[in-house]
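[1] fold the following, please.
(chains A and B)
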Amino acid sequence: MSVTREEVAKIASLARIKMGEDELERMVPELNGILAWVEQLGEVDCSGVEPMTAVIPNTLRLRDDVVDADPKTAGGRRDDVLANAPAAEHGFFGVPKVIE
Amino acid sequence: MSDILDLGVKDIRDGVAKGDFTAREVADAFNTAVAAASELNAFIVTTPDHATAAADAVDARREKGEDLGKMGGVPIGMKDLFATKGVQTTAASHILEGFTPQYESTVSQNLWDAGAGMLGKLNLDQFAMGSSNETSYFGNVSSPWKKDGTNAAMSPGGSSGGSSSAVSARIAPAATGTDTGGSIRQPAAFTGICGIKPTYGRCSRWGVVAFASSLDQAGPMARSVEDCAIMLEAMAGFDPKDSTSLQMDVPAWEASLDADLKGKKIGIPREYRMDGTDEEILKSWEQGKEWLRDAGAEIVDISLPHTKYALPAYYIVAPAEASSNLARYDGVRYGLRDLPDGAGLQDMYAATRAAGFGDEVKRRILIGTYVLSAGFYDAYYTQAQKIRTLISQDFSAAFGECDAILAPTTPTASFPLGENQDDPLAMYLNDVFAVPASLAGLPAMSVPAMLNADGLPLGLQIVGKPFDEQGVLNAGLAIQQRAGFDAKPEKWW
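    Okay, the predicted model is just below:
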């Protein structure tokens, strides 16, 4: 499978990365090179093979169902969370107006 | 104090404990060396105050007769992928420039708790995506090594290239690295140092900037196997803040080091003998077999039939996970915001990410977005994850016949910066021998073997069974003792 310039533009838009014409032109052959190379995976007969979900068998732990059960993962850190925000206002993340 | 710079983790820790020198003397010596090595561009920021404060605390504990910790008095470099409280953490990207975490990553905290101090944050490939350290927003890192008879700047490998450069240049006795598809082992091999990626889950990922979460593992980079064992012990451990953290005790790797391999079988995977592999690399592999045989091991041929598919599978799985992980950089919560005049929220996302990510990062996000998109998900992503299962099964079968696997770490020695930059695929091939162990979550280590005819280091790789870091370290130690690798780059910086 290969991608066209329009498809790359669509992917870039899905990935929320603005790309100019030059950049798109440059990406098309690069992505096609990579996609042509990964195409070889299609040669492998994978019938009956389960896709990997965990490299090392492990079970997800459950914590006690109470607020701040583990102090290490507790909340109450609003100011820390906002400390690096480009536009924190009134204890919230500020963004450009979304609803007209 | 120049001889202090030649000391590794164990010698510094033991020397401080014995009183041969103070931790402060060590920190001062390395801080000075770091400040004088800016030409390597190994550090993004230096933190001499952190190193001296940690050293003073260790010296004070010694005065009082208290325990100094596993890494007591050892100053280290911290890859700038680990969140460090109050110290800029960038992942070598523009999008995180100025980001100052309000918390400390588990691995770095473990190291500080063990008595280590921080010399600074080490440069890397942007978001750990690269094999040459040429994708950093903060400039290329140079290896301290030069090809004989040339003056070209050489690649320290990637993505942990600041780490490998600093440790081999002896401006840091050790450094943290992270390995997603070879990012500890390949730079270690390029610069003549050791580096181990433990079993997936040994080191907490909490506070490590995420690239591909099912593959990312932290590990130590240092100049000896013993130093790696010590530092890995300090870094590893169960962490409730990482859902994939292994709930297991950390073994006493240092105390159990044993280079006697009698009764051990070392597998040689026939599929790793690939066309185009450098003759000298093959020679070092042969030499490695001899060394391990000499240490008492039996060398057996094994097969890992799906090896050739590991790298293309990796370049689906890793970008897919990266495209998802890197969705968080949106100009809202932290880092860069690019808000063109009159732009709405969507335009702000797109402008911020366009300005904040480098080319290689964008390329991988696009590949990842594509392979996860409707209609292509099964053909690419599900297929790659099935192949990952087959690769893992290959290893399980091989470990029925051997205790550890010996292979080259890289298909070539280091190359001049700029040489492979125009061709992403050529660059990806650097990790052809490293990626299979990553896909299977296995512990794997690179140990320096020899210099090639150009005077550049070559590394040998040992891959072990899950949780058997000890077996990997022991085989590494056997190689280290026989290789007697003591070459040092000539100082030019």
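[2] please count neighbours and contacts with C-alpha atoms only from this point.
    Will do.
[3] give me the three-state assignment for B:Met78.
    When classified by DSSP: H, G, I helix; E, B strand; the rest coil, B:Met78 comes out as strand.
[4] who touches residue 82 in this structure?
    Defaulting to chain A. By C-alpha atoms under 8 Å, 6 or more residues apart in numbering or on different chains, A:Leu82 lies in contact with A:88, A:91-93, B:333-334.
[5] chain B is the one I meant
    B:Phe82 makes contact with B:89, B:104-105, B:107-108, B:207-209, according to C-alpha under 8 Å, 6+ apart.
[6] okay, now residue 83: neighbour count?
    In the absence of a named chain, this looks at chain A. 16 (other C-alpha atoms under 10 Å in any protein chain shown).
[7] my bad, chain B
    Neighbour tally, B:Ala83, other C-alpha under 10 Å: 29.
[8] which residue does chain A bring closest to chain B?
    A:Pro51 (3.9 Å; C-alpha to the nearest C-alpha).
[9] where does that residue land in three-state SS?
    coil.
[10] which residue, other than its chain neighbours, is closest to B:Ser142?
    B:Leu40 (4.9 Å; C-alpha to C-alpha, 6 or more residues apart in numbering or on different chains).
[11] and that neighbour, how far is that from A:Arg63?
    Distance, B:Leu40 to A:Arg63, by C-alpha to C-alpha, to the nearest Å: 46 Å.
[12] one more: B:Glu321?
    For B:Glu321, the distance to A:Arg63 - C-alpha to C-alpha - is 26 Å.
[13] kindly report the same for B:Met71.
    From B:Met71 to A:Arg63 the distance is 32 Å (C-alpha to C-alpha).
[14] more neighbours: which of these two?
    Ranked by neighbour count (other C-alpha under 10 Å), B:Met71 and A:Arg63 place B:Met71 first, with 26 against 10.
[15] ok, that one - contacts?
    B:9, B:13, B:111, B:114-116, B:230-231, B:234.
[16] take those residues and keep only those in helices.
    B:9, B:13, B:111, B:230-231, B:234 (DSSP state H).
[17] which residues touch the helix-or-strand element of chain B with minimal mean pLDDT?
    Lowest on mean pLDDT, DSSP states H and E among the helices and strands of chain B sits helix B:424-428, with a mean of 84. With contact meaning C-alpha under 8 Å, 6+ apart, helix B:424-428 is reached by A:30, A:33-34, B:130-132, B:311, B:420-421.
[18] which residues outside the helix or strand that it is followed by are in contact with it?
    Downstream of helix B:424-428, the next assigned helix or strand under DSSP states H and E is helix B:435-439. Residues from elsewhere that reach helix B:435-439, judged by C-alpha under 8 Å, 6+ apart: A:55, B:179-182, B:215, B:307, B:310-311, B:314, B:388, B:391-392, B:443-444, B:463.
[19] what's the answer for stretch A:41-49, then?
    B:309, B:312-313, B:379, B:383-384, B:386-387, B:389-390.
[20] near chain A too, which of the residues you listed?
    B:309, B:312-313, B:379, B:383-384, B:386-387, B:389-390 (C-alpha under 8 Å from any C-alpha of the partner chain).
[21] drop anything exposed from these.
    B:309, B:312-313, B:383-384, B:386-387, B:389-390 (16 or more other C-alpha atoms under 10 Å in any protein chain shown).
[22] can you put those in CSV and add secondary structure and pLDDT?
    Below are those laid out as CSV (DSSP: H, G, I helix; E, B strand; the rest coil; pLDDT from 0 to 100):
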residue, secondary structure, pLDDT
B:Tyr309, helix, 97
B:Pro312, helix, 97
B:Ala313, helix, 97
B:Gln383, helix, 97
B:Ala384, helix, 97
B:Lys386, helix, 98
B:Ile387, helix, 98
B:Thr389, helix, 98
B:Leu390, helix, 98
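[23] ok, so of those residues, who is nearest chain A?
    B:Lys386 (3.9 Å).
[24] what about the nearest residue to the closest one once chain neighbours are set aside, how many neighbours?
    Counting by C-alpha to C-alpha, 6+ apart, B:Lys386 lies nearest to A:Pro51, which is 3.9 Å off, once chain neighbours are set aside. Other residues near A:Pro51 come to 17 when the count uses other C-alpha under 10 Å.
[25] and the gap between A:Pro51 and B:Trp493?
    When A:Pro51 is compared with B:Trp493 (using C-alpha to C-alpha), they lie 49 Å apart.
[26] cool, and B:Leu119?
    18 Å.
[27] one more: B:Thr369?
    42 Å.
[28] does stretch B:398-411 reach chain A?
    No - with C-alpha under 8 Å from any C-alpha as the threshold, stretch B:398-411 lies outside contact range of chain A, at a closest distance of 15.1 Å.
[29] state the mean pLDDT of that stretch.
    Stretch B:398-411 shows a mean pLDDT of 97 in the predicted model.
[30] got the end-to-end distance for it?
    End-to-end for stretch B:398-411, by C-alpha to C-alpha: 22 Å.
[31] wait, isn't B:Lys289 in contact with B:Ile299?
    Yes - judged on C-alpha atoms under 8 Å, B:Lys289 makes contact with B:Ile299 at a distance of 6.9 Å.
[32] burial measure for B:Ala27, as a count.
    For B:Ala27, using other C-alpha under 10 Å, the count is 30.
[33] wait, is it part of a helix?
    Yes - assigned with three-state DSSP, B:Ala27 falls within a helix.
[34] coming back round to it: between B:Leu119 and B:Trp493, which is the more surrounded one?
    B:Leu119 (29 against 11).
[35] and the more buried one, what pLDDT?
    Confidence score, pLDDT, at B:Leu119: 98.
[36] helix, strand, or coil at it?
    strand.
[37] B:Ile76 is in contact with that one, correct?
    Yes - counting by C-alpha under 8 Å, B:Leu119 does reach B:Ile76; the two are 5.7 Å apart.
[38] which residues do those two both contact?
    B:Ala172.
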